[in-house]
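Asks: okay, sequence plus prediction incoming.
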Amino acid sequence: MNAASSSTQTCPYLVLREPAAVREVLHRPEDFSPANALIAVTPLSGPSLRVLQRARFALPPVLASNHSDSHAGIRKVVAGFFTPATVGAFEPRIRGIARSAAAAAAELLETDGQVDLVQAVAAYPPAIVMLELLGLPVRDLPELKAWSLDSLELFWGWPDPERQLELAHSAAEFYGWLRELVLEAVASPGRNLFSSLAEHGLSTPEICSLGYFLLIAGQETTTQLISTALFRLAEGSAGFAWKDAISGTTARDLIRHVLATESSVPTWRRVAAEDTVLDGEHIPAGAEILLELTGNHESSEQGPTAYGLAFGSGIHRCLGAKLAELEAAVVVQETAAALQGVRLAEPNPEWLRLLSFQAPRTVSVEI
């Protein structure tokens with residue numbers, strides 16, 4: 001176990017970096033609760049709370065922050081939309097979406113001389129795939145992407161009061177849109193995630209709570225993974241050449257390298273539910289714990305253990321892990337094939353840096 005604190009101010013978390021300790025915490029949910037997983041890092045101000053309250057914004061524990069007996073049944077319903085067979089059968093559709101995006105990016109590169117790969121190939125394919133897999137309508141994608149980034153900043157960032165209020169208004173707008181989508185989907189005759197959850201017995205606020213972060217995590221974190229992979233590939237710092245990523249095997253290996261070293265979700269939180277012991281050390285009840293999921297494996301490690309913690313472990317492991325890995329590898333492969341001979345136009349882009357999310361905001365390339 002390795003605790004750490006900020007060099008400029010006291011860190012409010014017990015930071016665990018050693019993979020074995022991180023895995024143990026994730027496998028002991030009765031001792032290390034996920035109850036704090038979705039709590040705002042920066043406490044919400046009175047004005048921000050009032051904005052959310054007017055929108056009837058509520059996030060009862062349903063999936064990621066749920067440690068009650070209801071978790072297993074709800075997780076099973078959601079898992080039914082991400083089975084290996086379902087994901088595997090969707091690969092041709094994923095490739096078609098990625099290829100179209102890459103072709104459009106190549107056209108932009110030819111006409112403008114430069115293209116931002118985050119917007120051109122990383123942003124929208126994961127959102128389209130997620131909505132289609134869940135049986136939900138594919139619409140309002142620019143709004144969904146903007147809402148997603150705002151909500152990540154609201155819950156995992158350090159906004160000042162003025163910025164937090166802006167983000168609260170965005171979250172309220174997103175939640176209103178989501179509620180309408182839930183009601184529409186539940187009334188729809190076709191199979192979709194929200195109607196399946198309603199059949200399982202979840203209330204509309206519970207479905208909205210689950211959907212709020214699932215619609216973000218189900219696509220935005222994959223966008224961020226793709227963005228980082230393309231940046232490192234173009235930069236040449238990850239040990240993979242751009243031309244070699246045309247190979248599906250190389251593209252997959254690159255994605256696994258990024259997952260192991262700088263995943264889009266590098267950390268996650270837990271809280272000690274009671275006094276307990278970890279690796280021989282006493283952990284008091286209420287201790288806030290920050291788990292470092294990536295970046296701490298020896299470079300010699302190979303196989304799934306070297307990157308598996310990027311998706312968590314145990315009963316709350318990411319249900320879309322295989323989908324995210326597949327999507328990212330396919331998008332990288334199709335982009336490398338369509339845009340050959342490119343180089344970074346901006347080697348020092350601004351990065352999204354939140355407590356539990358990271359990625360370059362732009363990946364601009366040119367010939």
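Replies: On my side now, so go ahead.
Asks: point out where the stretch 151-300 of the chain drops to low pLDDT.
Replies: Scanning the stretch 151-300 of the chain for pLDDT under 70 picks out the ranges 297-300.
Asks: just the element for the residue nearest the centre of the chain, please.
Replies: Nearest to the geometric centre of the chain sits residue 221, at 2.8 Å (C-alpha atoms, centre = their mean). Using DSSP states H and E, residue 221 falls within helix 220-235.
Asks: in that helix, what's buried?
Replies: Within helix 220-235, the residues scored as buried using 16 or more other C-beta atoms under 10 Å are 220-234. Using the backbone N, CA and C atoms, a C-beta is placed for each residue, glycine as well.
Asks: also stretch 277-287?
Replies: 278, 283, 287.
Asks: which residues sit against stretch 82-93?
Replies: By C-beta atoms under 8 Å, 6 or more residues apart in numbering, the residues outside stretch 82-93 that reach it are 129, 132-133, 319-320, 322-323, 326, 330.
Asks: can you give the distance of it from its chain's centre?
Replies: Its chain's average C-alpha position is 19 Å from that of stretch 82-93, according to C-alpha atoms, centre = their mean, to the nearest Å.
Asks: how about it: buried residues?
Replies: Buried residues in stretch 82-93, defined by neighbour count with 16+ other C-beta under 10 Å: 82, 87, 90.
Asks: tell me how far the last one lies from residue 80.
Replies: From residue 90 across to residue 80, the span is 14 Å (C-beta to C-beta, to the nearest Å).
Asks: helices of the stretch 1-150 of the chain, start to end?
Replies: Listed in chain order, the helices of the stretch 1-150 of the chain (DSSP state H, counting those that start in this stretch) span 19-26, 46-54, 71-79, 84-89, 91-112, 117, 124-133, 141-156.
Asks: residue 340 is nearest to which of those helices?
Replies: The minimum distance between residue 340 and the helices of the stretch 1-150 of the chain falls on helix 91-112, with 9.0 Å, by C-beta to C-beta.
Asks: compute the inter-axis angle for that closest one and helix 220-235.
Replies: Helix 91-112 and helix 220-235 are oriented at 50 degrees to each other (axes from the mean of the first three to the mean of the last three C-alpha atoms, to 10 degrees).
Asks: can you pull the pLDDT of residue 8?
Replies: Note for residue 8: predicted pLDDT of 40.
Asks: repeat that for the one 10 residues further on.
Replies: Confidence at residue 18, expressed as pLDDT, is 93.
Asks: give me the number of residues near it?
Replies: 13 (other C-beta atoms under 10 Å).
Asks: any idea how far it is from residue 27?
Replies: For residue 18, the distance to residue 27 - C-beta to C-beta - is 14 Å.
Asks: do residue 261 as well
Replies: From residue 261 to residue 27 the distance is 23 Å (C-beta to C-beta).
Asks: do the same with residue 100
Replies: Where residue 27 is concerned, residue 100 sits at a distance of 41 Å (C-beta to C-beta).
Asks: neighbour count for these two, which is higher?
Replies: residue 100 (15 against 12).
Asks: sorry, back to before: report how many residues lie close to the residue nearest to the residue nearest to the centre of the chain when sequence neighbours are not counted.
Replies: Ranked by C-beta to C-beta, 6 or more residues apart in numbering and with sequence neighbours excluded, the top spatial neighbour of residue 221 is residue 264, at 4.7 Å. Residues lying near residue 264 (other C-beta under 10 Å) number 26.
Asks: could you do the one 4 residues further on as well?
Replies: Close neighbours of residue 268, defined as other C-beta under 10 Å, add up to 21.
Asks: what of residue 79?
Replies: Using other C-beta under 10 Å, residue 79 has 12 neighbouring residues.
Asks: in contact with it, which residues?
Replies: Contacts of residue 79 (C-beta under 8 Å, 6+ apart): residue 319.
Asks: and for residue 263?
Replies: 225, 293-294, 307, 310.
Asks: would you point out the most distant pair within those?
Replies: 225 and 293 (12.7 Å).
Asks: quick one: the strands in the chain?
Replies: 14-16, 32-33, 114-116, 267-272, 276-278, 281-283, 288-292, 343-344, 351-353, 358-360, 364-366 (DSSP state E).
Asks: can you add distance to residue 69 and give those strands back as a markdown table?
Replies: Listed next are these as a markdown table, based on distance: least, C-beta to C-beta, whole Å:
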| stretch | distance to residue 69 |
| --- | --- |
| strand 14-16 | 27 |
| strand 32-33 | 14 |
| strand 114-116 | 46 |
| strand 267-272 | 19 |
| strand 276-278 | 21 |
| strand 281-283 | 24 |
| strand 288-292 | 23 |
| strand 343-344 | 50 |
| strand 351-353 | 36 |
| strand 358-360 | 34 |
| strand 364-366 | 49 |
